[in-house]
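K.L.:
based on what follows, work out the 3D shape:
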Amino acid sequence: MKKITMFLLSLSVYTGVLFAGGGAQGSAGSQGASPAGAAHLEAPNLAQQVAAGTLPSLDKRLPVPSDVMVEPMQGTGAYGDHLTFAFQGRTSQWFYGMIGEEPLFRFTLQGTVEPNAAKGYTVNANATEYTIYLRQGMKWSDGVPFTADDCIFFYEKMILPRTFGNAIYNCYYSTNPTTKERTLCTMEKVNDYEFKVKFADPSPNFLELVAIDTKWMFAPAHYYKKLLPEFIGEAAAAAKAKELGFADVAAMGRQTGYYHWNNIDRPQIRPWIVTNDVDSEFMIMRRNPYYWKTDAEGRQLPYIDELHFVRYADENQRVLMVMSGDIDIAPGLPYTSIAALKQNERQGGYRLLTWNNLNWSGNGNLVFNQSSEDPKLRSLFANREFRHAISIAADRKEMAALVADGWAVPRQASPSEEGMGYSKAWAEKWTEYNPQEAKRLLEQSVGLRMGSDGYYTFPDGSRLALEIMSSDSSAEAARAAELLTEKYLKNIGIRASFSVRDRAYIDEQTRANKLNIVMNSNYSINTINIALRPDSLVPVRNNHSPWYGAFGTWFATNGEGGEAPTGEILRLINLYRDMSAATSKAQINQIALQMLKVHEENLWEIGFLSPTPTLVTVNNDLRNFLEKGLWCDEFRQLGIAHPAVFYLAKDKK
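P.N.:
Coordinates of the predicted model:
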């Protein structure tokens, strides 16, 4: 398999800037003035609306010339047409949500962070005060000004009261180096386009954490003041929730605040905006007339008028849609179809690309909830030798052949060769196929009893059955789960079942600590920098990862909720506290490696195969596409390609 581009090899574990003396500042390198009299430099359909008097002129829709963001690209493009994607309704909400996501700060391909919706920033010498500058004249999609009030409103009225259900993100805390106590930041408005974020203790990686934890560190205050109980009262808010089709005020807060891009009436700063029900068979996103970026010639982006999303039933249907030329961009295609996809490139009018990824494992990893509400299962999952037995019960060589068509190799869930903390010993740990040893461990080290039906019971003789859930509906995931439950686990006397539910359900049940076992690629650890993205490794968020469940809630709520951890999990949290209070690269590096070592020793997540590059097909006429990207959450998957600059060299027939 190809190596990830060399820039990753030189990525520091800690990409924030340390400020030993003197302040620092940053600004978007891609900003500049639109040409004077640029009112005609817009999509024809918008120009028609301007001529008809139904839309303000372009100069009144863009930020002031010096604050317009000029998006870098290979070449300026042509307006019009649409791009078609395949999707599965709301289940695909993160996929289509990331396509048009516009954060305050974003990652570059080099792994650094740069301003995006923000124009720039300054920070004091000890990284306790950040001043963030916004783009004067920038507007929401409904024409209302985007200002510092929207950023402060998001923090004070949505983050702190947890309007959309999530615990307060780690980026808003600083940690005292001596006491290890965490303190929330404060925000202060300077003027409409400038605000300060103040910390009690140094927070040198604040911007990186913002780009990870809370990418949209803003919300349209004018919209939420018509929804939230604080502004309109409980009764009116309940009535509004019902009017909008939500079960209650809490659901309204979550769906409009967290999954906000799904809501037709919610103002955005994205290049395209949803126009109909996301659970439809056919969804359309249409260009935002107030989008605040241009090309180097001052022509307002995006080039493409609309994004179309066509529902597919399963991966076989999606592959056929791609091969017939019906889909313009299709990421994450199954490797079982790679030969057919390659052979059909010319006829289908597309090119087959590979984007590398940093997954710790491929085709899903098996995650056991260490805070399971079932005391028997919790005791079982906490036993290291139980996890050992489950791991060596799997014939990974057979799985590689049947699931990945030979494109993957046996591999434990562990850092990639290009990532921090790679260890050959870790990658090979517990990967030998040895069902007899697995049974010995289950009986002698775990204490399970073999029943008369050929399946093990709990030590007390009660029935043992593992219920594994996933949100991955791909053919590979289904095949891997079938092999695991119907063959490998069955062969060692473990009764197991597998079911697929949509991602929203899995996420909600994870937050409620109701899932016991998850086998899902969505929860595979995948990060460019483990020190900046520890929430899959360490229980620091509200039930963010199924393996730690309620322990994350305990940490995120400062002990008010969830359950206090002990043993190795508490050790992890204490290491995270040390890392949060660290003030040098060397300290952060050292502690992050210690955290990884704890995972290597315990293997709370079991992997089976190595990750494979992400397969992407792209219409041959599509221009300004990133041919070799990196598929990971920090880079927002397709978002790193900056889709607003895409255009088609030929009109569709």
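K.L.:
so F195 makes contact with T186?
P.N.:
No. Between F195 and T186 there is no contact under C-beta atoms under 8 Å: 10.7 Å. Using the backbone N, CA and C atoms, a C-beta is placed for each residue, glycine as well.
K.L.:
of the two, who's got more company?
P.N.:
More neighbours surround F195 than the other of F195 and T186, with 22 against 14 (other C-beta atoms under 10 Å).
K.L.:
spatially nearest residue to that one, not counting backbone neighbours?
P.N.:
Spatially, and ignoring its direct neighbours in sequence, F195 is nearest to A148 (4.0 Å; C-beta to C-beta, 6 or more residues apart in numbering).
K.L.:
for the one you found, the count of nearby residues, please.
P.N.:
Each residue near A148 was counted by other C-beta under 10 Å, and the total is 21.
K.L.:
quick one, what contacts it?
P.N.:
Going by C-beta atoms under 8 Å, 6 or more residues apart in numbering, A148 touches 134, 189-195.
K.L.:
try it again at 6 Å.
P.N.:
189, 192, 195 (C-beta atoms under 6 Å, 6 or more residues apart in numbering).
K.L.:
by mean pLDDT, flag the weakest helix or strand of this structure.
P.N.:
Lowest by mean pLDDT, DSSP states H and E among the helices and strands of the chain is strand 24-27, with a mean of 55.
K.L.:
following the chain onward from that strand, which element is next?
P.N.:
The C-terminal neighbour of strand 24-27 among helices and strands, as given by DSSP states H and E, is helix 44-52.
K.L.:
among the contacts of A148, which are located in helices?
P.N.:
When DSSP state H is applied, the contacts of A148 are split such that none fall in helices.
K.L.:
nearest to M420 among the residues you listed?
P.N.:
Among these, F195 lies closest to M420 (C-beta to C-beta), at 33.5 Å.
K.L.:
beta partners for the closest one?
P.N.:
Beta-bridge pairing of F195 under DSSP bridges involves I132, K189.
K.L.:
pretty sure it sits against C185.
P.N.:
No. Applying C-beta atoms under 6 Å, one finds F195 not in contact with C185, separated by 11.5 Å.
K.L.:
can you tell me the average pLDDT over stretch 199-208?
P.N.:
Mean pLDDT, stretch 199-208: 92.
K.L.:
hang on, V113 packs against E208?
P.N.:
Yes. In this structure, V113 is within contact of E208 by C-beta under 6 Å, at 5.2 Å.
K.L.:
the longest helix along the chain: what's the following helix or strand?
P.N.:
Secondary structure of the chain per DSSP H: the longest helix is helix 585-602. As assigned by DSSP H and E, the chain's next helix or strand after helix 585-602 is strand 605-606.
K.L.:
tell me the spacing between N262 and W94.
P.N.:
Between N262 and W94 the computed distance is 11 Å (C-beta to C-beta, to the nearest Å).
K.L.:
and if you look at T275?
P.N.:
Separation of T275 from W94 (C-beta to C-beta): 19 Å.
K.L.:
who's more crowded, these two?
P.N.:
Neighbours per residue (other C-beta under 10 Å) separate T275 from W94, with W94 holding more: 18 against 11.
K.L.:
in what helix or strand does that one lie?
P.N.:
Using DSSP H and E, W94 sits in helix 93-99.
K.L.:
got the CA positions of that helix in PDB?
P.N.:
Extracted C-alpha coordinates of helix 93-99, given in PDB (Å, rounded to 0.1, in the frame of the first residue of the first chain):
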ATOM      1  CA  GLN A  93     -25.500  13.600   7.400                       C
ATOM      2  CA  TRP A  94     -21.800  13.900   8.400                       C
ATOM      3  CA  PHE A  95     -20.700  13.000   4.800                       C
ATOM      4  CA  TYR A  96     -22.800  15.700   3.100                       C
ATOM      5  CA  GLY A  97     -22.400  18.100   6.100                       C
ATOM      6  CA  MET A  98     -18.600  18.100   5.800                       C
ATOM      7  CA  ILE A  99     -18.800  18.900   2.000                       C
END
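K.L.:
ok, Y647 - contacts?
P.N.:
Counting by C-beta under 6 Å, 6+ apart, Y647 touches 77-78, 303, 623.
K.L.:
show me where pLDDT drops low in this protein?
P.N.:
Within the chain, the segments meeting pLDDT under 70 span 1-40, 418, 521-525, 542-543, 585, 653.
K.L.:
now the farthest one out in it, which residue is it?
P.N.:
S452 (45.8 Å; C-alpha atoms, centre = their mean).
K.L.:
stretch 154-161: which residues count as buried?
P.N.:
154-155, 157-159 (16 or more other C-beta atoms under 10 Å).
K.L.:
and that stretch, how far from the chain's centre?
P.N.:
21 Å (C-alpha atoms, centre = their mean, to the nearest Å).
K.L.:
quick one: neighbours of the spatially closest residue to A118 that is not a sequence neighbour, just the number.
P.N.:
Spatial nearest neighbour of A118, chain neighbours left out: L104 (4.8 Å); criterion: C-beta to C-beta, 6+ apart. By other C-beta under 10 Å, 22 other residues sit near L104.
K.L.:
check contacts around L104.
P.N.:
117-118, 217.
K.L.:
that one and R90, how far apart?
P.N.:
25 Å.
K.L.:
next: G75.
P.N.:
36 Å.
K.L.:
more neighbours: those two, which one.
P.N.:
Just comparing G75 and R90: by other C-beta under 10 Å the higher neighbour count belongs to R90, 17 against 10.
K.L.:
list of residues touching stretch 180-197?
P.N.:
130-134, 136, 147-148, 151-152, 155, 172-175, 198-200, 577, 581.
K.L.:
the lengthiest strand in the chain - contacts with which helices or strands?
P.N.:
Criterion DSSP state E: the longest strand present in the chain is strand 350-357. In terms of contacts (3 or more C-beta pairs under 6 Å, 6 or more residues apart in numbering; DSSP states H and E), strand 350-357 is packed against strand 614-619, strand 630-631.
K.L.:
just how off-centre is it within its chain?
P.N.:
The chain centroid and the centroid of strand 350-357 are separated by 20 Å under C-alpha atoms, centre = their mean.
K.L.:
tabulate the CA atom coordinates of the helix or strand following it in CSV.
P.N.:
Of the helices and strands lying after strand 350-357 in sequence (DSSP H and E), the nearest is strand 365-368. Presented in CSV, the C-alpha positions along strand 365-368 are these (Å, rounded to 0.1, in the frame of the first residue of the first chain):
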residue,chain,number,x,y,z
ASN,A,365,-13.0,-2.5,15.1
LEU,A,366,-14.7,-4.3,18.0
VAL,A,367,-15.3,-2.0,20.9
PHE,A,368,-16.4,-3.2,24.4
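K.L.:
strand 365-368 pairs with which strands, parallel or anti?
P.N.:
Applying DSSP bridges, strand 365-368 is found paired with strand 517-520 (antiparallel), strand 605-606 (antiparallel).
K.L.:
name the residues of the helix or strand that it is followed by that come out as buried.
P.N.:
Reading on from strand 365-368 to the C-terminus, the next helix or strand found by DSSP H and E is helix 375-382. The neighbour-count check on helix 375-382 (16+ other C-beta under 10 Å) flags 377-378, 380-382 as buried.
K.L.:
quick one, the helix or strand that helix 375-382 is followed by and helix 375-382 angle?
P.N.:
On the C-terminal side of helix 375-382, the nearest following helix or strand under DSSP H and E is helix 384-392. Helix 384-392 and helix 375-382 meet at an angle of 70 degrees, taking axes from the mean of the first three to the mean of the last three C-alpha atoms, to 10 degrees as the criterion.
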